[in-house]
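Asker: sequence and predicted structure, then a few things I'm wondering about:
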Amino acid sequence: MSFDASDIRELGLWGLPLAQRAGAVIMDIYTTSPEVRYKADRSPVTDADVACEHIILKALSRLAADIPVVAEEALSCGAAPKIEDRFFLVDPVDGTKEFIRANGEFTVNIALVENHAPVFGLVYAPAFSDCYVTLGTDRAVRVKLVPDHHPEPRPDYAFEPISGERPGSRDFTAIVSRSNQTPEAERFIRRIGGPPCMRMGSSLKFGVLARGDADVYPRFAPTSEWDIAAGQALVNAAGGCVLTEAGAPLAYGKVDRHFANPSFIAWRRRDEAEAMLRAE
Ligand SMILES: Nc1ncnc2c1ncn2[C@@H]1O[C@H](COP(=O)(O)O)[C@@H](OP(=O)(O)O)[C@H]1O
Ligand SMILES: [Mg+2]
């Protein structure tokens with residue numbers, strides 16, 4: 001298939017039925033008390049992670065066999081591709097702990113990285129039929145997407161454009177991990193004045209920022225590139241940014257660090273992040 005992976009819109013439209021299929025497989029397992037195993041790093045994995053990743057890898061190999069893919073489960077089994085300027089990052093089920101707890105806060109994540117930065121992202125929460133996808137480097141949308149084993153091609157998705165504009169007059173709000181909270185993040189929240197704080201599992205937090213329903217997501221617990229690349233692409237496209245504590249951009253493709261990220265702060269608005277950093 002001839003495909004220009006720099007066409008973010010084309011990639012987004014291609015990704016939606018794939019997400020539906022992957023989501024349908026995940027939901028079949030979700031509703032039948034999945035067996036939980038533990039990887040070498042003691043993180044949990046279920047058949048949903050493995051089956052979903054298989055579907056996505058197969059689809060990516062048909063779409064763009066020349067672009068390397070770094071995928072969470074394949075990498076944990078030792079399958080590390082040679083990284084180039086452009087590569088895909090796949091986390092088939094982000095928020096596996098939430099999947100096991102059955103609170104719905106888990107996502108399918110596909111991202112494209114170019115020159116060390118995520119330029120495309122798809123985050124899909126099948127339990128909520130809630131999908132966020134970039135259709136351009138400055139265009140992010142939300143779309144209701146029901147898990148489906150055999151989705152029909154759709155020319156007419158009801159895309160809701162999202163941006164980091166704060167709706168109404170709500171208070172400045174932080175959002176943090178449900179299962180991986182740290183004292184450092186709590187200290188950060190106190191330092192910025194102790195705003196109200198939402199808790200949520202998985203990369204859905206980036207969707208909440210990108211749609212303007214929270215302002216800052218401080219993350220001091222460990223993450224890997226596949227956990228956050230799609231979410232960062234969304235936040236970037238909606239007018240926000242993801243920075244290290246020192247205010248530097250996050251770099252992707254950190255092979256020597258096994259794709260581990262430093263602590264970071266994701267911001268709903270780039271200008272607010274810059275103002276806060278200047279005030280420090
Ligand atoms: N000790 C650790 N090392 C690396 N990543 C970790 C980690 N603890 C949690 N994570 C990452 O945090 C993700 C969950 O994010 P959150 O806390 O925002 O829900 C996990 O995604 P998976 O569920 O895909 O493994 C996992 O990758
Ligand atoms: Mg993950």
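Answerer: In hand now; what should we look at? Ligands and ions are numbered 1, 2, ... in the order given.
Asker: the residue lying closest to E160 once chain neighbours are set aside pairs with what?
Answerer: Nearest residue to E160 in three dimensions, chain neighbours excluded: R142, at 4.7 Å (Cβ to Cβ, 6 or more residues apart in numbering). Any C-beta I mention is one placed from the backbone N, CA and C, and that applies to glycine too. Assessed by DSSP bridges, R142 has beta-bridge partners Y132, E160.
Asker: what about R142, distance to L204?
Answerer: Per Cβ to Cβ, to the nearest Å, R142 is found 11 Å from L204.
Asker: give the contact list for the residue nearest to E160.
Answerer: Counting by Cβ atoms under 8 Å, 6 or more residues apart in numbering, R142 makes contact with 130-132, 159-160, 162, 207, 211.
Asker: what sits in contact with each of R142 and L204?
Answerer: The overlap between the contact sets of R142 and L204 (Cβ under 8 Å, 6+ apart) consists of D130.
Asker: so F88 makes contact with I110?
Answerer: Yes - using Cβ atoms under 8 Å, F88 is in contact with I110, at 6.7 Å.
Asker: those two: which has the busier surroundings?
Answerer: Counted by other Cβ atoms under 10 Å, F88 and I110 do not tie: I110 has more neighbours, with 31 against 24.
Asker: list the beta-bridge partners for that one.
Answerer: V90, L122.
Asker: elements contacting the lowest-mean-pLDDT helix or strand in the chain?
Answerer: The weakest-scoring helix or strand in the chain, judged by mean pLDDT, DSSP states H and E, is helix 270-279 (a mean of 85). Counting contacts by 3 or more Cβ pairs under 8 Å, 6 or more residues apart in numbering; DSSP states H and E, helix 270-279 is packed against strand 241-243, strand 264-267.
Asker: distance between it and the chain's centre?
Answerer: 23 Å (Cα atoms, centre = their mean, to the nearest Å).
Asker: domain ranges for this structure?
Answerer: Per the record, the chain has its domains at 8-162, 174-279, by automatic domain parsing.
Asker: close to ligand 2: what parts of the stretch 51-200 of the chain are there?
Answerer: Selection of the stretch 51-200 of the chain residues close to ligand 2 by Cβ under 5 Å from the ion yields 91, 94.
Asker: for the longest helix along the chain, C-alpha coordinates in PDB please.
Answerer: Secondary structure of the chain per DSSP state H: the longest helix is helix 8-30. In PDB, the C-alpha atoms belonging to helix 8-30 read as follows (Å, rounded to 0.1, in the frame of the first residue of the first chain):
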ATOM      1  CA  ILE A   8      -1.400  13.100   9.700                       C
ATOM      2  CA  ARG A   9      -5.100  13.200   8.700                       C
ATOM      3  CA  GLU A  10      -4.700  10.100   6.500                       C
ATOM      4  CA  LEU A  11      -3.100   8.300   9.400                       C
ATOM      5  CA  GLY A  12      -5.800   9.400  11.800                       C
ATOM      6  CA  LEU A  13      -8.600   8.100   9.500                       C
ATOM      7  CA  TRP A  14      -6.700   4.900   9.000                       C
ATOM      8  CA  GLY A  15      -6.300   4.500  12.800                       C
ATOM      9  CA  LEU A  16     -10.000   4.800  13.700                       C
ATOM     10  CA  PRO A  17     -11.300   1.400  12.400                       C
ATOM     11  CA  LEU A  18      -8.100  -0.200  13.700                       C
ATOM     12  CA  ALA A  19      -8.800   1.200  17.100                       C
ATOM     13  CA  GLN A  20     -12.400  -0.100  17.000                       C
ATOM     14  CA  ARG A  21     -11.200  -3.600  16.100                       C
ATOM     15  CA  ALA A  22      -8.400  -3.500  18.800                       C
ATOM     16  CA  GLY A  23     -11.000  -2.100  21.300                       C
ATOM     17  CA  ALA A  24     -13.500  -4.900  20.500                       C
ATOM     18  CA  VAL A  25     -10.800  -7.600  21.300                       C
ATOM     19  CA  ILE A  26      -9.900  -5.800  24.500                       C
ATOM     20  CA  MET A  27     -13.500  -5.500  25.600                       C
ATOM     21  CA  ASP A  28     -14.100  -9.200  25.000                       C
ATOM     22  CA  ILE A  29     -11.300 -10.000  27.400                       C
ATOM     23  CA  TYR A  30     -12.300  -7.200  29.800                       C
END
